[in-house]
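Participant: Please find the sequence and the predicted model below.
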Amino acid sequence: MIKELKISIPKKKGSTTYLTHNYHSYPAKFVPQIPNYFINKFTTEGDTVLDPFVGCGTTMVECKLLNRNGIGIDLNPIATLVSLSKINELTELELTEINIILENIKLSISLLYDNNVFTVKIPEFHNRDHWFQLNVQQELAIIINQLSKIKNETISNFLKTAFSAIIVNVSNQESDTRYAAKNKNIEDYKTYTTFENKVKSMLLRIEEFNKKVTKSEVNIYNKDSRKIDFLLDNSVDLVVTSPPYANTYDYYLYHKLRMYWLGYDVSNVKKNEIGSRDKHSSQKKDIDDFNNNIKLCFKEVVRVLKPEKYAIIVIGDSVIRKEFFDAKKMMIEMGKDIGLEFINSNSEKLNKTTRMFNPKFTNALKSEHIMIFKNVKNDI
């Protein structure tokens, strides 16, 4: 049994948001020390690491810093957008081009207020006027119109990530974790200056990232992890991931306003998201629905992971209609069925107040588990 599992996470916030890790808020993301620890422990330079629930790309950033190849997969297009922006370097020429784009956007917004010139179309979506002031809508429309013209994919992803990151701040939504409207009285130009400040903050971080990044190959896919047939059998050296915690978050809801502005399909994410509160609380699906879908994902993990290699899974317990479900027990039982042998785990209580869209989903009984499995390749 592997005994060196206790992970000491630094207490200072900055130590978990270094370099590109703080580009964008994301619910329930794990700290970078977790993938860093296991990547160092179980792989060597040039190995390939898979995260089938890549989220905001924490594991992939650590792959780039540690010279490991990476594969990240997520159903949510915001996740893949942010992940791509966090792992790609920007050249000096690209940095210069970004500053020119900012100046062009600023000029267009000046024309809006100084000369009443507004020629772009504001995206239409449900309750748009409820969530955004008119002046905010106009400034966001000018920004995204300019970003849609960018041909350089690296620059486009970088600036769209900054755009996505500010959406909730300039909306009438109370906060990232509170889906309630409030009047923020956002002044003219405030939306643009918020965007500009975010871009400049990210530019400082990408310059530092450029100094530390390796030339490893990292690919991000906007796909469903229940079917990853584009990956070869026995092609991965390590899996580090954190699947959804059943009945805990609605990722589609957390990112809904962002997806509207960026033109992504909210309904597809909502329909196919695993473990959402919408499925288990609104649609009344039981834990078997979650277990069956998670099992489909990890059958694919077993297929692509090399024999005798490790899968690190960070997962939390859940409560569905007042019934407690032990995620550790569930994962161990599932592992036996598909060829993942449980090796060891570290568990901590989640008994602190969690800021979510609805606090009633927190529960003092729940724990979060860091679990180590070995791929023993049973027939599946």
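Facilitator: Right, received. Where do you want to start? Residues are numbered from 1 along each chain as shown.
Participant: Would you enumerate the residues in contact with residue 368?
Facilitator: Shown in contact with residue 368 (CB atoms under 8 Å, 6 or more residues apart in numbering): 314, 315, 316, 317, 347, 348, 350. In this view, the C-beta of every residue, glycine as well, is placed from N, C-alpha and C.
Participant: Where is the longest strand in this structure?
Facilitator: Of all the segments of type strand in the chain, defined by DSSP state E, the longest one is strand 305-316.
Participant: Quick one: the contacts of residue 368 as a markdown table, columns for neighbour count, distance to residue 117 and pLDDT too.
Facilitator: Below are the contacts of residue 368 laid out as a markdown table (neighbours: other CB atoms under 10 Å; distance: CB to CB, whole Å; pLDDT from 0 to 100):
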| residue | neighbour count | distance to residue 117 | pLDDT |
| --- | --- | --- | --- |
| 314 | 21 | 50 | 96 |
| 315 | 24 | 52 | 94 |
| 316 | 20 | 51 | 92 |
| 317 | 23 | 55 | 93 |
| 347 | 14 | 59 | 89 |
| 348 | 10 | 55 | 87 |
| 350 | 17 | 52 | 74 |
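Participant: ok, residue 46 - how many residues close by?
Facilitator: Burial measure for residue 46: 12 neighbouring residues, criterion other CB atoms under 10 Å.
Participant: And the pLDDT for it?
Facilitator: Reported pLDDT at residue 46 in the predicted model: 98.
Participant: Helix, strand or coil: sort out it for me.
Facilitator: Judged by DSSP: H, G, I helix; E, B strand; the rest coil, the three-state class of residue 46 is coil.
Participant: Show me the strands in this protein, by range?
Facilitator: If you assign secondary structure with DSSP E, the strands in the chain sit at 48-51, 69-73, 173-175, 178-181, 218-221, 236-241, 305-316, 318-320, 323-325, 340-349, 367-375.
Participant: can you list the weak-confidence ranges in the stretch 251-380 of the chain?
Facilitator: By pLDDT under 70, the weakly predicted segments of the stretch 251-380 of the chain are 351-364, 378-380.
Participant: residue boundaries of the helices in the stretch 1-150 of the chain?
Facilitator: Secondary structure of the stretch 1-150 of the chain (DSSP state H, counting those that start in this stretch): helices at 33-42, 58-66, 77-87, 92-115, 128-131, 134-147.
Participant: For the longest one, which outside residues touch it?
Facilitator: Helix 92-115 is contacted from outside by 90, 117-118, 138-139, 142-143, 146-147, 150, 152, 154-155, 158-159, 188-189, 192, 195-196, 199, 203, 206-207, using CB under 8 Å, 6+ apart.
Participant: Just want the angle from it to helix 134-147.
Facilitator: Angle of helix 92-115 versus helix 134-147, following axes from the mean of the first three to the mean of the last three CA atoms, to 10 degrees, is 140 degrees.
Participant: and helix 92-115, which residues are buried?
Facilitator: Neighbour-count burial for helix 92-115 flags 98, 101, 102, 105, 106, 108, 109, 112 (criterion: 16 or more other CB atoms under 10 Å).
Participant: May I ask which two of the residues you listed are separated the most?
Facilitator: Across the buried residues of helix 92-115, the two members that end up farthest from each other (CB to CB) are 98 and 112, 21.4 Å apart.
Participant: ok, the residue of the chain most remote from its centre to residue 239 distance?
Facilitator: Of all residues in the chain, residue 115 has its C-alpha farthest from the mean position, at 39.9 Å, by CA atoms, centre = their mean. Computed as CB to CB, to the nearest Å, the residue 115 to residue 239 distance reads 56 Å.
Participant: CA atoms only for stretch 244-258, dumped as PDB, please.
Facilitator: Extracted in PDB, the C-alpha atoms of stretch 244-258 (Å, rounded to 0.1, in the frame of the first residue of the first chain):
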ATOM      1  CA  PRO A 244     -18.600  15.800 -10.600                       C
ATOM      2  CA  TYR A 245     -19.900  15.400  -7.000                       C
ATOM      3  CA  ALA A 246     -23.500  14.100  -7.400                       C
ATOM      4  CA  ASN A 247     -26.200  16.700  -6.700                       C
ATOM      5  CA  THR A 248     -23.700  19.400  -5.800                       C
ATOM      6  CA  TYR A 249     -23.300  21.700  -8.700                       C
ATOM      7  CA  ASP A 250     -25.100  22.700 -11.900                       C
ATOM      8  CA  TYR A 251     -22.100  23.600 -14.100                       C
ATOM      9  CA  TYR A 252     -24.300  24.700 -16.900                       C
ATOM     10  CA  LEU A 253     -26.000  27.200 -14.500                       C
ATOM     11  CA  TYR A 254     -22.700  28.500 -13.100                       C
ATOM     12  CA  HIS A 255     -21.600  29.300 -16.700                       C
ATOM     13  CA  LYS A 256     -24.900  30.000 -18.400                       C
ATOM     14  CA  LEU A 257     -24.600  33.700 -18.900                       C
ATOM     15  CA  ARG A 258     -21.000  33.200 -20.200                       C
END
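Participant: Quick one: distance of that stretch to the chain centre.
Facilitator: Computed by CA atoms, centre = their mean, to the nearest Å, the chain-centroid distance of stretch 244-258 equals 11 Å.
Participant: was I right about residue 191 contacting residue 135?
Facilitator: Yes - here residue 191 reaches residue 135: they are 7.5 Å apart, a contact under CB atoms under 8 Å.
Participant: and those two? which has more neighbours close in?
Facilitator: Shown here are residue 191 and residue 135; by other CB under 10 Å, residue 191 has more neighbours (26 against 18).
Participant: Setting aside sequence neighbours, what's the nearest residue to that one?
Facilitator: The shortest distance from residue 191 to any non-neighbouring residue, by CB to CB, 6 or more residues apart in numbering, is to residue 139 (3.8 Å).
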